[in-house]
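*Asks:* prediction below, plus the sequence it came from.
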Amino acid sequence: MKRKFAICLICLLLAALMVLPVSAKSSRIQDFANLMTSEEDQYLEQWCNQFDIQYTMDVVILTVPNTMDFSPQDFADNFYENNGYADDGLIFLLDMGSRRWHISTSGTAIEALSDRDLEKIEQKIIPYFSEGTYFDGFCKFLDILPNYLEEDSGGNLLLAALIGAGIAGIVLLIMRSSMNTKRPQRSADTYEIDGSYHLNTHQDLFLYSRLSKQAKPKETSSGSTTHRSSSGRSHGGRGGSF
């Protein structure tokens, strides 16, 4: 009876958090399903705080007994929007009632984590939740997440480096051409004595031809599928069962 009453209170609290926006930022670890100890929650909270420092985005972990009448996607979207989290970030939801999970991305996290990235993350972490090792699963999630965030920023740095190298190369070519006063002669007329050369026969011989073919690479998509929340904000993400 006490457990049922506690679950009802949690559902009422979640309903309030879903509907009423708050000005102050909530904790990044919201373990309403009581899957972890308080020490484990604090450990994950400190870990999530590092993402704000290093990547300027919020990473939130949310566990609930159920999502009431909401889908996991809608619940995750609305919870993230209504609890003071940054425009850039993501929330990882575990719904113990339906045993479903959902990652909802927002702002810059949408492009940072493509559909393909989220699929790879799913393959590495969902087995932990299927086995009931929830703390280990969240630790694995936070451990591998920087690999995908840094991969995205690394591509931007490489592009900037290539652009910089191209500009430097053009400048060097201009400087070199301005210092070189020699000019190549396009014909031997300068060195030829008039009337000393006669061409009697001129013939072009076409010996053989060679045609090589190469398959056109198939185009692949590495973007992020997006959807609109009930408030109209854009989110990316992925979800499933565990």
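*Replies:* Sure, I can see it.
*Asks:* ok, how many other residues are close to residue 223?
*Replies:* Neighbour count of residue 223, defined by other C-beta atoms under 10 Å: 11. Where C-beta positions appear, they are placed from N, C-alpha and C, glycine not excepted.
*Asks:* start at 815 instead
*Replies:* I'll keep to 815 as the first residue from here, and by that count the last item is residue 1037.
*Asks:* next, it: secondary structure please.
*Replies:* Taking DSSP: H, G, I helix; E, B strand; the rest coil as the rule, one finds residue 1037 in the coil state.
*Asks:* please list all residues in contact with it.
*Replies:* Residue 1037 makes contact with 925, 928-929 under the criterion C-beta atoms under 8 Å, 6 or more residues apart in numbering.
*Asks:* could you dump the residues you listed into JSON lines with distance to residue 892, secondary structure and neighbour count added?
*Replies:* Formatted as JSON lines, the entries for the contacts of residue 1037 read as follows, by distance: C-beta to C-beta, whole Å; DSSP: H, G, I helix; E, B strand; the rest coil; neighbours: other C-beta atoms under 10 Å:
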{"residue": "925", "distance to residue 892": "22", "secondary structure": "helix", "neighbour count": "13"}
{"residue": "928", "distance to residue 892": "23", "secondary structure": "coil", "neighbour count": "20"}
{"residue": "929", "distance to residue 892": "22", "secondary structure": "helix", "neighbour count": "15"}
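*Asks:* okay, those residues in a markdown table with pLDDT and distance to residue 918 next?
*Replies:* Supplementary listing: those in a markdown table, determined by pLDDT from 0 to 100; distance: C-beta to C-beta, whole Å:
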| residue | pLDDT | distance to residue 918 |
| --- | --- | --- |
| 925 | 96 | 14 |
| 928 | 97 | 15 |
| 929 | 97 | 13 |
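*Asks:* can you redo the residues you listed as CSV with distance to residue 1047?
*Replies:* Converted to CSV, the contacts of residue 1037 look like this (distance: C-beta to C-beta, whole Å):
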residue, distance to residue 1047
925, 15
928, 19
929, 19
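*Asks:* pLDDT-wise, which helix or strand of the protein ranks last?
*Replies:* helix 816-833 (a mean of 53; mean pLDDT, DSSP states H and E).
*Asks:* can you list the low-confidence ranges for this structure?
*Replies:* Confidence mapping of the chain against pLDDT under 70 gives the ranges 815-839, 965-1036.
*Asks:* which stretches of it form helices?
*Replies:* Under the criterion DSSP state H, the chain carries helices at the ranges 816-833, 852-869, 886-895, 922-926, 929-944, 948-993.
*Asks:* which phi and psi does residue 879 have?
*Replies:* According to degrees, to the nearest 10, the main-chain angles of residue 879 amount to phi -60, psi -40.
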